[in-house]
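**Q** turn this into a structure:
(chains A, B, C and D)
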There are 2 protein chains.
Amino acid sequence: MNTCIRVFADSIQISRCREDLKNKEESFLELADVLNLAGNAVRLKILYLLKQENELCPCDLSDILGMTVPAVSQHLKKLKDAGIVTTKKSGQTIFYSVEEQSQRIISSVLDLFKLPNSIPTL
Amino acid sequence: MNTCIRVFADSIQISRCREDLKNKEESFLELADVLNLAGNAVRLKILYLLKQENELCPCDLSDILGMTVPAVSQHLKKLKDAGIVTTKKSGQTIFYSVEEQSQRIISSVLDLFKLPNSIPTL
DNA sequence: TAGTTATTTAAGCAAGTACTTAAATACAAA
DNA sequence: TTTGTATTTAAGTACTTGCTTAAATAACTA
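**A** You can find the predicted model right below:
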């Protein structure tokens, strides 16, 4: 490890930051997980659609997104494993929707759309 | 492609969703890019630290994060290529900070920390 | 100048991602 | 039961990611 030995390094600042990160480690991991799931165009669209339409089945999503059912299903599995979406069975159809507890964070993530000039290349 | 041929499929809804996605395609890709970059615990911490401390050099970040300088440098390169962070040279030290135009979206992303009970496993 | 420090770049690699096609499962209706 | 539909799971694969170590750049200092 190339430890920083700069003359001007502010060791107080570095210690403070290190301590701060340590206290927030869990939160960083959890937030990064959610952002990582949303940080894929297909999953971001799925979350957007589920929020917008309330509920949709893998078959619908496959049609809307123009991709195979297994591909969609695998994305849904990730979102479900993370507790972000939930399912409701109706006959042989399975409806996916955004999990109650995740509504707020997903809404907040999707609200980032509305920030003008906020995305670098815009 | 296994097209959805469900009896109960709402073809009007599917067409509407497809159209909607088409109009927002660009935004989805751009937002997913930003979320994907923030969706890594190391980069999320870097963004948090840069916002909190205003500016830091790769050497500082290496110390704070407890990882090698090249590893940090490669993360910084990704953030810089995406236009999310910017650099300022001072002697042989290079200070990184959050790009002016990206301040808002990064602040919004980091504000997700503050949502209580919003992260699934919490 | 040579030596030291800060940073980036390159190459290699193990692990993860996102799709594909095929098979398995679950349920409904004839 | 057999057939068909909706969905998931599994296996294979091309691509990407995030680190590692070593080398290359760049700039300060003696």
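**Q** how about residue A:109: what's its closest non-neighbour residue?
**A** Distance criterion Cβ to Cβ, 6 or more residues apart in numbering or on different chains; nearest residue to residue A:109, sequence neighbours excluded, is residue A:38 at 5.2 Å. All C-beta atoms are positioned from the backbone trio N, CA, C, and that covers glycine.
**Q** residue contacts, the one you found?
**A** A:44, A:47, A:106, A:109, B:32, B:35, B:39 (Cβ atoms under 8 Å, 6 or more residues apart in numbering or on different chains).
**Q** what's the distance between the first one and chain B?
**A** When Cβ to the nearest Cβ, to the nearest Å is the yardstick, residue A:44 and chain B sit 5 Å from each other.
**Q** from memory that residue sits against residue B:31, does it?
**A** Yes: if you go by Cβ atoms under 8 Å, residue A:44 and residue B:31 touch, sitting 6.5 Å apart.
**Q** tell me the buried residues in the lengthiest helix in chain A?
**A** Longest among the helix segments of chain A by residue count, using DSSP state H, is helix A:11-38. Across helix A:11-38, burial judged by 16 or more other Cβ atoms under 10 Å in any protein chain shown covers A:14, A:17, A:21, A:27-28, A:30-38.
**Q** just those that are near DNA strand C?
**A** residue A:36 (Cβ under 7 Å from any atom of the strand).
**Q** adding pLDDT, write the buried residues of helix A:11-38 out as JSON lines.
**A** Below are those laid out as JSON lines (pLDDT from 0 to 100):
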{"residue": "A:14", "pLDDT": "95"}
{"residue": "A:17", "pLDDT": "97"}
{"residue": "A:21", "pLDDT": "97"}
{"residue": "A:27", "pLDDT": "95"}
{"residue": "A:28", "pLDDT": "97"}
{"residue": "A:30", "pLDDT": "95"}
{"residue": "A:31", "pLDDT": "96"}
{"residue": "A:32", "pLDDT": "97"}
{"residue": "A:33", "pLDDT": "97"}
{"residue": "A:34", "pLDDT": "97"}
{"residue": "A:35", "pLDDT": "98"}
{"residue": "A:36", "pLDDT": "98"}
{"residue": "A:37", "pLDDT": "98"}
{"residue": "A:38", "pLDDT": "98"}
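**Q** show me where chain A has its strands.
**A** With DSSP state E applied, chain A shows strands at A:85-90, A:93-98, listed in chain order.
**Q** right, so the ones you listed: which one is the most enclosed?
**A** Among the strands of chain A, ranked by average contacts under mean count of other Cβ atoms under 10 Å in any protein chain shown, first place goes to strand A:93-98 (a mean of 18).
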